[in-house]
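Enquirer: would you be able to build a 3D model of this:
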Amino acid sequence: MKNKLLLLIGVCLVMTCASPAFAAVTLKRLGDHPFYRPAMTSEADLRTMVKKKSTDIQTGFDKSGYSELFPDFMAQFPTAKIEFIKVAPGEQFSWMLFRKKSTSPVSVIKDVTWGGKASFNAYSFSIDKNGQRYEFIVPAICGNLSLRNISRIPEPVVPVVIENKGTQSKPAEIAQTVTVAQHKGGPVADIGFAQQFDPASYVFARVGYELFLTENLSAMGLVGGFARVGGYDGGSAFTADALLNYYLTEKLFVGAGVGFWSGNDGKADLIVNMGYLIYEKPGTMKTSLFVEGRCEADDLLASQATRLGVGLRFQF
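Expert: Take a look at the predicted model:
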């Protein structure tokens, strides 16, 4: 029992220690590392900046992982509607372009939070691609182009004509707005390495499907196998797992579930896991780093049944 408690504590400690490595960057001052000088005072200045710095902007898109969006950005920006806004403390951005020095190459920071004491002035505009709307902001003081938000393009209002002799359709009956929920679930694939305490080493691979039950809670079914590559206790096994994962943020999740381990005449396992999103290609794939602990459900005192693993999860 002590080994199992140590396992569960170890899983949580590993992810707790790992999370700061992926923590968001908090900016408290702008202008120290400007992407563009001088400061912009009009919409015309912004359009001039994009025209002059198009090559550097393309480099920034490549480094941020959004290379495919750049052609649409350049095609739509000349006619994009630009708004002058104030960005309040606490606002978050997926990424921001900057330069360490005026002669330095373009750099990118991700998961940015504005932590200054006051709002800052910025220009805002949107670019559309494949049903998604990408909202950008550009601080006037430094020109650090930033991706603020990604959302689905709103569905158009569909007119509905109702024929009824002697009556006239009411406005509420003529038009309605259709809201489409964003699809978040889909196929899943895991690969990783696990260590058994007694000892034995395994590589594992699984495939399955994730279905979101609520905005933050998902159910996942996975089938695959563990192949023993070291040690002497236990053998390779087929697995079938069912998990419930709760997303504490858009990137960090924790979960638990049950699994079937075909070795040793077939055993039921208790499973805990925790992960963090480390890469995302919008609309295509997400990659998360996760740790997982599993032990026999009917004999929690059997240390040889305890396995601690680490792997990558690909969500499509």
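
Enquirer: from here on, just use CA atoms for contacts and neighbour counts.
Expert: OK.

Enquirer: ranges for the helices of the stretch 151-300 of the chain?
Expert: Along the stretch 151-300 of the chain, counting by DSSP state H, counting those that start in this stretch, helices occupy 171-174.

Enquirer: quick one: low-confidence ranges for it?
Expert: 157-184, 283, 299-300 (pLDDT under 70).

Enquirer: look up phi and psi at residue 71.
Expert: phi -60, psi -40 (degrees, to the nearest 10).

Enquirer: roughly how far does it sit from residue 62?
Expert: The gap separating residue 71 from residue 62 is 12 Å, by Cα to Cα, to the nearest Å.

Enquirer: between those two, which one's more packed in?
Expert: Of the pair residue 71 and residue 62, residue 62 is the one with more neighbours under other Cα atoms under 10 Å, namely 15 against 10.

Enquirer: how close does that one get to residue 228?
Expert: 40 Å.

Enquirer: residues in contact with residue 30?
Expert: Counting by Cα atoms under 8 Å, 6 or more residues apart in numbering, residue 30 makes contact with 141-142.

Enquirer: now do 6 Å
Expert: By Cα atoms under 6 Å, 6 or more residues apart in numbering, residue 30 lies in contact with nothing.

Enquirer: what about the residue nearest to residue 74 when sequence neighbours are not counted, how many neighbours?
Expert: Among residues not flanking residue 74 along the chain, residue 54 sits closest, at 8.0 Å (Cα to Cα, 6 or more residues apart in numbering). Neighbour count for residue 54, taken as other Cα under 10 Å: 14.

Enquirer: give me the pLDDT value at residue 54.
Expert: What the model reports for residue 54 is a pLDDT of 94.

Enquirer: report the beta-bridge partners for residue 289.
Expert: residue 276, residue 312 (DSSP bridges).

Enquirer: ditto for residue 147
Expert: So, taking DSSP bridges as the rule, residue 147 has residue 95, residue 136 as bridge partners.

Enquirer: my guess is it contacts residue 136. True?
Expert: Yes. If you go by Cα atoms under 6 Å, residue 147 and residue 136 touch, sitting 4.6 Å apart.

Enquirer: need phi/psi at the residue nearest to residue 74.
Expert: Torsion angles, degrees, to the nearest 10, at residue 54: phi -60, psi -40.
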